[in-house]
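**Q** Any chance you can model this:
(chains A and B)
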Protein chains: 2
Amino acid sequence: MTTLLDAPLDLAATCRAMARRARAASSRLAIAGTLAKDRWLHRAADTLLARQTDVLSANARDVESAHESGLGAASIDRLRLTPDRLRSAASGLREVASLPDPIGQVRESRTRPNGLQVSRVGVPLGVILFIYESRPNVTLDAAALCVKSGNAVILRGGKEAIHSNLLLHRLLAESLEAEGLPADGVQLVGLTDRAAVGHLLRMDDLIDLVIPRGGEDLIRRVAAEATMPVLKHYKGICHVYVEKSADLARAEAIIVNAKCQRPGVCNAAECLLVDAAVAEAFLPRASAALAAKGVELRGCPVTCRLVPTAKQATESDYDTEYLDLILSVKVVAGMEEAIAHIDRHSSRHTEVVLSNDLALVRRFVARVDSAAVIVNASTRFHDGGELGLGAEIGISTDKFHARGPCGLLELTSYKYVVYGEGQVRE
Amino acid sequence: MTTLLDAPLDLAATCRAMARRARAASSRLAIAGTLAKDRWLHRAADTLLARQTDVLSANARDVESAHESGLGAASIDRLRLTPDRLRSAASGLREVASLPDPIGQVRESRTRPNGLQVSRVGVPLGVILFIYESRPNVTLDAAALCVKSGNAVILRGGKEAIHSNLLLHRLLAESLEAEGLPADGVQLVGLTDRAAVGHLLRMDDLIDLVIPRGGEDLIRRVAAEATMPVLKHYKGICHVYVEKSADLARAEAIIVNAKCQRPGVCNAAECLLVDAAVAEAFLPRASAALAAKGVELRGCPVTCRLVPTAKQATESDYDTEYLDLILSVKVVAGMEEAIAHIDRHSSRHTEVVLSNDLALVRRFVARVDSAAVIVNASTRFHDGGELGLGAEIGISTDKFHARGPCGLLELTSYKYVVYGEGQVRE
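**A** Numbering: from 1, shown residues only, chains lettered A, B, ... in the order given. Predicted structure coming up:
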């Protein structure tokens, strides 16, 4: 149960030893049976509830420090654990246990004319470094997904959550041992020294993938320094485009949901594009509905004319992820202008078209190259659970390896397994 | 039809302009229809045969220069085009036309309880930089696979093949234009200045993937310098393990095929592991069969005792990709020692087990983590065509994105396309 909380003499060597232990654990986890992994998840869930008092008191220390250091109310809320949140975290672990094991899964198979039986079989990636910010329940989610997919994980949570994370990590590692799995399969970088991450990001010989989750600065730093592949999205500048044939009542409900249901997340809408032909019919009613939820609009000149309460948008508004009750608005001549605007300003996360014109919808879907393109529904559905992946460790806006929500399958690779009976090549 | 053959004033700016043109072309190719792409492939094949005299005379210039600069016979053979090789290259283009288009392909779909229809749809990666050595027919294969998968490609072939490649590139680009596709979808770095590659490898804002194919030094340089993802394998140190229950007549045929059928390629066997229990029965007959093909054996002490003509292997022999008629041999106590040897020395490309013991075969397949694990057949089947992918642009020994042979599918990504009818998130 090694952590780095006791300041080591040689940080680089300590990090390297940690990565080596993760590598050794990953070899054992790669061939661990589904039953053992699922039992571990249930045991961890049971332990979490049994040790609730300890977990809440460790968390209380973090919350207290956060108050003292003047952390904002939203951040403190994210940091806080409650009996309800622990119950929900325990259910999350059990849900991962209920998902199919991606390891050993035959993903494709064929028999060749010469009789060779060829299949692609799921294998783990190996060792994953997961870097995240304050929410301690993410510690549980990430460990669950990594281990169920046969990987070892090194967790690096935010320093505000260090007491919560140390205890959660101990429960996870003890549960691994109790099920005959390697405790080093889940390790925590307990030292708050930022240099530890720098060392780990250079160990591409031992760490196969890094997943940063948090603010754009954190992610850019990780992407710049990492020598191994990175699974990431920087931000979500998501658009909702109301094409002139759209059902305007639905469009109103969708933009309110996309903006307001949870404004601080990456799949919330940040920009509304409206066809000029329906701007007069749509913008006043939509802005009233949005204003009722406290949303501030920043619009183009046409928007400001139709909605007197809207502020004038600057060009930089269209490149801003507000993560707040603010929405930029632009009236466009038609789909070509909408697509051009998206091409220029989108972060390639989620784009929505609202339309009943089949030909135009097909054009939008073919032309817009974002991780998720959604027709006639809210941006908020771009989420691993909502799209049916079960659970996610993050969302990727890259195209390499995985795009969109990353669940168990996206934490794996495959190998070719070929069965013959003496075949040689002519 | 821009190439870099005329030495530019500012190489970095010229490379950047080339990458920008590729990016623009990739947007058009991403939405190009299958019919246009396939017509291009057939037109390029027709043109190649119609212009055979020109192609052969451009190639003759390269071969002549190669003789003058003292290139080895094997390299000159790889460089040389003949009417036969051109016919086969033209057929290769037509074969790519016959493969299913991976773009727009629905790879998975589900309907969620709330009625959302979710699918994963194939999209191109964007712009691919392909760096390779002397064989000019690779120019045609690579362009065919990249464009059919909706990508733009920047080709950087070996300087020995520059005249052949300039003409082949011209035919490909002219054929693109003739089919209404962007000529910049296939560009060639015609300048032999090595610095051009260095500039391109830093343009991760415009180039999505680099694929280096050639010697280990070239690949290591590209992997070290590239700022974008790299699809690669360094080398193929492939093992054939003869477990004691193996059919020894088959084993003899397989090791001869794996070593001798084409010794200079990455999926040729470099090391033979033999269970001690059958070493006496197998090694003398296998060594006689291998000796008849001119293979030199470098063995462990037991091997040398059983095969007097074998040389003593040094430890470094087991880490060497001979690419020649040389084979290292080691007698092992059983499967655990064989797997430990593979873990230590393999390049994770291709491993073969020859055995009739089901439990042991299952253990080998689960435990050995190489891109291809083959049971009772030759290493030489680890190849895109042989495994049923149709054609390949290379083989990956990485686990991220693609592993093993990379065909059309591996040159693509996907996006989530979601259809709703007004759904909002609760």
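
**Q** what about the stretch 51-200 of chain A, any weak spots by pLDDT?
**A** Low-confidence segments of the stretch 51-200 of chain A (pLDDT under 70): A:191-192.

**Q** Verify the contact between residue A:22 and residue A:208 for me.
**A** No - look at residue A:22 against residue A:208 with Cβ atoms under 8 Å: they stay out of range, at 9.9 Å. For every residue, glycine as well, the C-beta is placed using N, CA and C.

**Q** quick one: common contacting residues for these two?
**A** Residues touching both residue A:22 and residue A:208 (Cβ atoms under 8 Å, 6 or more residues apart in numbering or on different chains): residue A:127.

**Q** what bridges to the nearest residue to residue A:151 once chain neighbours are set aside?
**A** Of all residues not flanking residue A:151 in the chain, residue A:124 sits nearest, at 4.6 Å (Cβ to Cβ, 6 or more residues apart in numbering or on different chains). Beta-bridge partners for residue A:124, by DSSP bridges, are residue A:412.

**Q** just to revisit the earlier point, ok, residue A:22 and residue A:208, which is more surrounded?
**A** Between residue A:22 and residue A:208, counted using other Cβ atoms under 10 Å in any protein chain shown, residue A:22 has the larger neighbour count: 28 against 23.

**Q** Please, which helix or strand holds that one?
**A** Applying DSSP states H and E as the criterion places residue A:22 in helix A:11-30.

**Q** excluding its backbone neighbours, what's nearest residue A:283?
**A** Excluding its sequence neighbours, the residue lying closest to residue A:283 (Cβ to Cβ, 6+ apart) is residue A:306, at 4.6 Å.

**Q** could you measure the one you found against residue A:275, distance?
**A** Relative to residue A:275, residue A:306 is positioned 13 Å away (Cβ to Cβ, to the nearest Å).

**Q** Who has more neighbours out of these two?
**A** Counted by other Cβ under 10 Å, residue A:306 and residue A:275 do not tie: residue A:275 has more neighbours, with 22 against 19.

**Q** Pretty sure that one sits against residue A:248.
**A** No - counting by Cβ under 8 Å, residue A:275 stays clear of residue A:248, with 10.9 Å between them.

**Q** got any residues that touch both of those two?
**A** Contacts common to residue A:275 and residue A:248, judged by Cβ under 8 Å, 6+ apart, are residue A:242.

**Q** Need the residues that contact stretch A:240-255.
**A** By Cβ under 8 Å, 6+ apart, the residues outside stretch A:240-255 that reach it are A:258, A:269, A:271-275, A:277-278, A:281-282, A:285-286, A:289-290, A:327, A:332, A:334-335, A:338, A:342, A:351-357, A:360, A:364, A:376-379, B:421-422, B:424.

**Q** looking only at pLDDT, what's the mean for it?
**A** Taken as a whole, stretch A:240-255 carries a mean pLDDT of 98.

**Q** in that stretch, what counts as buried?
**A** Using 16 or more other Cβ atoms under 10 Å in any protein chain shown as the test for burial, stretch A:240-255 gives A:240-244, A:246-248, A:250-255.

**Q** Centre of the chain to that stretch, how far?
**A** Centre-to-centre, stretch A:240-255 and its host chain are 27 Å apart (Cα atoms, centre = their mean, to the nearest Å).

**Q** Then stretch A:325-338?
**A** Offset of stretch A:325-338 from its chain centre (Cα atoms, centre = their mean): 27 Å.

**Q** end to end, how far does it reach?
**A** Terminal residues of stretch A:325-338 lie 22 Å apart, using Cα to Cα, to the nearest Å.

**Q** With stretch A:329-348 instead?
**A** 18 Å.

**Q** same question, stretch A:267-279
**A** 24 Å.

**Q** Residue A:298: neighbour count?
**A** Neighbours around residue A:298, by other Cβ under 10 Å: 21.

**Q** Confirm it sits in a helix?
**A** No - Residue A:298: not assigned to a helix; according to DSSP: H, G, I helix; E, B strand; the rest coil it is strand.

**Q** Verify the contact between it and residue A:324 for me.
**A** No - the pair residue A:298 / residue A:324 is not scored as a contact, 11.6 Å apart, by Cβ under 8 Å.

**Q** so how far is residue A:52 from residue A:168?
**A** 12 Å.

**Q** When those two are compared, which one has more neighbours?
**A** Counted by other Cβ under 10 Å, residue A:168 and residue A:52 do not tie: residue A:168 has more neighbours, with 30 against 15.

**Q** List the contacts of the more buried one.
**A** By Cβ under 8 Å, 6+ apart, the neighbours of residue A:168 are A:48, A:55, A:136, A:139-140.

**Q** ok, which stretches of the stretch 251-400 of chain A are strands?
**A** For the stretch 251-400 of chain A, the strands defined by DSSP state E, counting those that start in this stretch cover A:269-275, A:296-299, A:311-312, A:326-332, A:350-354, A:372-377, A:394-396.

**Q** what mean pLDDT does the fourth one have?
**A** In this case it means strand A:326-332. pLDDT averaged over strand A:326-332 gives 98.

**Q** Which residue ranges of chain A form helices?
**A** Under the criterion DSSP state H, helices of chain A are mapped to A:11-30, A:34-50, A:52-68, A:73-79, A:83-98, A:137-148, A:162-178, A:195-200, A:216-225, A:248-260, A:276-292, A:301-306, A:335-345, A:358-367.

**Q** For the third one, what is the distance to the chain centroid?
**A** Meaning helix A:52-68. Remark: helix A:52-68 is offset 25 Å from the chain centroid, using Cα atoms, centre = their mean.

**Q** again, but for the second one
**A** Distance of helix A:34-50 from its chain centroid, counting by Cα atoms, centre = their mean, is 23 Å.

**Q** near chain B, anything from it?
**A** No - using Cβ under 8 Å from any Cβ of the partner chain, helix A:34-50 stays clear of chain B, coming no nearer than 12.9 Å.

**Q** same for that helix, what does it pack against?
**A** Counting contacts by 3 or more Cβ pairs under 8 Å, 6 or more residues apart in numbering or on different chains; DSSP states H and E, helix A:34-50 is packed against helix A:83-98, helix A:137-148, helix A:162-178.

**Q** Ok, the first one next?
**A** In terms of contacts (3+ Cβ pairs under 8 Å, 6+ apart), helix A:11-30 is packed against strand A:117-124, strand A:127-131, strand A:152-156, strand A:186-188, helix A:195-200.

**Q** picking up where we left off before, of the helices and strands packed on helix A:34-50, which approaches residue A:213 most closely?
**A** The minimum distance between residue A:213 and the helices and strands packed on helix A:34-50 falls on helix A:137-148, with 7.2 Å, by Cβ to Cβ.

**Q** Okay, now stretch A:289-299: how far is its last residue from its first?
**A** The straight-line separation of the ends of stretch A:289-299 (Cα to Cα) is 16 Å.

**Q** Buried residues, it. List them.
**A** For stretch A:289-299, burial by neighbour count (16+ other Cβ under 10 Å) applies to A:289-290, A:295, A:297-299.

**Q** Residue numbers of the stretch 251-400 of chain A in contact with chain B?
**A** A:253-254, A:256-258, A:261, A:365-367, A:369-378, A:380-382, A:386-388, A:399-400.

**Q** mind redoing it with 7 Å?
**A** A:253-254, A:257, A:261, A:365-367, A:369-378, A:380-381, A:386-388, A:399-400 (Cβ under 7 Å from any Cβ of the partner chain).

**Q** Appreciated, that's everything.
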